[in-house]
Every structure is written in structure tokens, then in C-alpha cells.
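**Q** pasting the sequence and the predicted coordinates here, then a few questions.
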Amino acid sequence: MRELILGGARSGKSRLAEERALASGLHVIYIATAQAFDGEMARRIAKHRAQRPPQWQVVEEAFELATALRRHAASDVCLLVDCLTLWLSNLIIADEASSQTDTGSEVSYPRLQPATQDLIDVLPLLPGRQILVSNEVGCGIVPINALARLFTDEQGRLNQRVAAVCEQVTLLAAGLPLVLKSPPSTMASR
């Protein structure tokens, strides 16, 4: 089963994802997408590391998420991806940095579409359980600059596409889960 857990900053989405991974009874592989570009982010990453159960395997993958999922998925494994938002940011920032020009020409994002399509293509094929964490960024104001607007648009598109291939989607607000989509109950299928 695949589950997408969405929410705003500090909504409790990572905590819920970790609780569900523990409750799965499967071997947990935590796929971390964050990169420490500054001291504050390094401290956040260290705090997350310290809170994880020591038996969990951790894979750090900032760019090739679909490849990591293919490599580690198994029927007895729960893959926890935290988070799609940072992964998307990594792709956009890498493309932004690699395509800067002095001529002021438009920036292209060649990694973005193939990487997100690869993720959408691989998710339905994976054995075992997958829990994906992502930020819901569409509830705020329209960002003031082009890069922030691009990110908001792409995050919304990615969340929609991932939600479409997941059996369960849960939105967190103030630490409270709201199930947006769930698998049909076994009672309903009888």
C-alpha cells in the first residue's frame, strides 16, 4: 500500500509517517531527501536522525528518488520518504544553479519533469509499503517571485500526481489527521 501524508510546516506529518511505519511491522527504510545547506538545516537533520529508531535503515537520496525506491522496495519493507518537498526543492535548485547565465536568458528545468515522471511511474510497481511525506503549500498567498511561484506550482502538481497513485492520502492540520482518500474497506467489497 502507498500512502501520501500531506500537511503544512510543523503539522505533525513526519511524526505520523514514522508512527505508521513503526506500526507496519515491516523493516523500515527511511529515505531522507534533505541536504544541509546551512547550520540550521544541519541541526534539523541531526534532530531527525536522533529521533529515529536505531534499527531503521537510512538512505540519503537528494535527487534519484525513483532509483532509490526501486533499489530498496521489497514485500517485507516499509519505505518512508521524508520528504517530497525537499526532493523537489533539490531538483529545482540544482537546475537553477546549472542554468544561470550572464545574458539573462530564461532558466530551464531539465531534471524536473523526467524525475517527477519517473517517480509517478515507479510508485505503482513497488512491492511492500510506501509512505511519502509532502508539504501542502497551496493554502498560502501567491509567492512574490518567479522561482517561488514555480516551486508552489510544481509542488501542487506533484502532490496531485502522487495522491492519484496512492491508496491512502492523509492531510494533517494542527497535528490532527484528516483522511482524504482510503482503500475500500473489506466489508464494502463483500
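**A** Arrived safely, thanks for sending.
**Q** quickly note the distance from the residue nearest the centre of the chain to Ile144.
**A** Nearest residue to the geometric centre of the chain (C-alpha atoms, centre = their mean): Leu84, 2.2 Å. As judged by C-beta to C-beta, to the nearest Å, Leu84 and Ile144 stand 24 Å apart. Using the backbone N, CA and C atoms, a C-beta is placed for each residue, glycine as well.
**Q** right, and the helix or strand after the strand or helix carrying Ala68?
**A** Using DSSP states H and E, Ala68 maps to helix 65-72. Where DSSP H and E defines the elements, the next helix or strand beyond helix 65-72 is strand 77-82.
**Q** centre of the chain to stretch 81-101, how far?
**A** 13 Å (C-alpha atoms, centre = their mean, to the nearest Å).
**Q** same check on stretch 49-62?
**A** 15 Å.
**Q** report the backbone C-alpha coordinates of that stretch in PDB.
**A** Taking Å, rounded to 0.1, in the frame of the first residue of the first chain, the C-alpha atoms of stretch 49-62 are listed here in PDB:
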ATOM      1  CA  ARG A  49      18.400  11.300  13.000                       C
ATOM      2  CA  ALA A  50      18.400  11.200  16.800                       C
ATOM      3  CA  GLN A  51      14.600  10.600  16.900                       C
ATOM      4  CA  ARG A  52      14.600   7.700  14.500                       C
ATOM      5  CA  PRO A  53      14.600   4.100  15.900                       C
ATOM      6  CA  PRO A  54      18.100   2.800  15.700                       C
ATOM      7  CA  GLN A  55      17.100  -0.400  13.800                       C
ATOM      8  CA  TRP A  56      15.800   1.700  10.800                       C
ATOM      9  CA  GLN A  57      18.000   1.700   7.800                       C
ATOM     10  CA  VAL A  58      18.600   5.300   6.400                       C
ATOM     11  CA  VAL A  59      19.200   6.100   2.800                       C
ATOM     12  CA  GLU A  60      20.100   9.600   1.900                       C
ATOM     13  CA  GLU A  61      19.000  10.500  -1.600                       C
ATOM     14  CA  ALA A  62      18.600  14.100  -2.700                       C
END
